[in-house]
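# Generate coordinates for the sequence data below:
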Amino acid sequence: MGEIMKILVLADVHNKIENLSKIIDEVNEEEIDMVLCSGDFIDEYDVPQGFSITNIIDMFIQKIISLGKPTFCVPGNLDPSEIIDVFEDYDVNLQNKKKHVGGFDIIGWGGALTPFNTTFEPTEAETKKSLNQLSSTSSSDLILLLHNPPKNTKLDLVHGEHVGSSAEREFIEKAQPLLTITAHIHESMGTDKIGKTTIFYPGPVYDGCYGLVEIKGKSVVCVKKKAT
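Got it, this is the predicted structure:
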């Protein structure tokens with residue numbers, strides 16, 4: 001993959017296949033090395049008439065893997081449990097898994113606790129246990145793919161309140177991954193730091209947003225983009 005790794009970041013599609021297609025067309029000529037997708041592909045409470053949940057997820061994953069690059073996905077809190085089976089079918093599943101790509105160990109944990117009793121809501125205890133187990137044998141730089149942002153950052157603010165995961169923050173403070181990708185809090189896009197870790201949420205695909213990350217050595221540059 002060369003000295004520089006370039007990552008396409010996609011998050012919060014929420015059924016908007018048209019916007020996802022625009023983004024894929026726009027980045028098709030970019031020299032992308034990897035695609036990371038941080039969840040909420042669909043909203044199962046708003047499935048278009050005539051489509052099944054699996055139909056919709058299939059369309060999204062097929063569109064993304066048409067780029068022909070290593071692709072890894074975690075579910076969002078609104079994604080149904082069967083999304084994991086679709087991820088497995090296309091060999092893109094990173095939920096509670098670790099993959100080694102381009103000199104990095106990439107670990108994934110999706111879902112988010114909310115006040116709304118949504119579909120995919122792992123507990124803080126489950127989050128802590130999984131992240132610690134996944135990273136326990138890592139000797140390479142870590143990339144962390146999440147849906148929920150870590151607590152007390154610029155990326156977990158809703159109406160002035162920090163609503164992210166304390167377990168994730170504790171893990172990041174200890175493990176110091178080089179890069180953490182998040183999603184979920186649509187109004188709090190951007191970048192932040194926890195120690196040496198760069199945290200990035202480019203904004204929701206449903207609004208035409210996506211991100212490009214370049215990693216060179218220990219340098220991480222994150223750019224928010226919007227499809228035209």
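# which parts of stretch 35-44 are buried?
Val35, Leu36, Cys37, Ser38, Gly39, Asp40, Phe41, Ile42, Asp43 (16 or more other CB atoms under 10 Å). (Glycine included, C-beta is placed from N, CA and C.)
# If we only consider those, which is nearest to Thr54?
Distance to Thr54 across the buried residues of stretch 35-44 (CB to CB) is lowest for Ile42, with 9.9 Å.
# give the contact list for His147.
Contact analysis of His147 by CB atoms under 8 Å, 6 or more residues apart in numbering lists 11, 38-40, 74-77, 109-112, 182-184.
# so Gln176 touches Lys193, yeah?
No: at 10.6 Å, Gln176 and Lys193 do not qualify as touching, with contact defined as CB atoms under 8 Å.
# Tell me where this protein is predicted with low confidence.
Residue ranges of the chain with pLDDT under 70: 1-2, 44.
# From the centre of it, give me the residue that's furthest out.
Gly50 (27.9 Å; CA atoms, centre = their mean).
# And the most centrally placed residue in the chain, how close does it get to Leu94?
Residue closest to the average C-alpha location in the chain (CA atoms, centre = their mean): Ser38, at 1.9 Å. Relative to Leu94, Ser38 is positioned 10 Å away (criterion: CB to CB, to the nearest Å).
# One more: Thr71?
Thr71 is 9 Å from Leu94, by CB to CB.
# cool, and His159?
With CB to CB as the criterion, His159 and Leu94 are 31 Å apart.
# Neighbour count: the two, which is higher?
Taking other CB atoms under 10 Å, His159 and Leu94 do not tie; Leu94 has more neighbours (23 against 6).
# Would you confirm that Leu131 belongs to a strand?
No: counting by DSSP: H, G, I helix; E, B strand; the rest coil, Leu131 falls outside a strand, being helix.
# That one against Ala167, yeah?
Yes: if you go by CB under 8 Å, Leu131 and Ala167 touch, sitting 7.3 Å apart.
# what sits against Phe200?
Val9, Leu179, Thr180, Ile181, Thr182, Gly190, Thr191, Gly211, Val213, Cys222.
# my bad, should have said Pro177
Pro177 touches Asp141, Leu142, Ile143, Leu144, Thr197, counting by CB under 8 Å, 6+ apart.
# So which of those are in strands?
Using DSSP state E, Asp141, Leu142, Ile143, Leu144, Thr197 are the members of these that sit in strands.
# Identify, from those residues, the entry nearest to Gly217.
Closest to Gly217, out of all of the ones in strands among the contacts of Pro177 and judged by CB to CB, is Asp141, at 9.5 Å.
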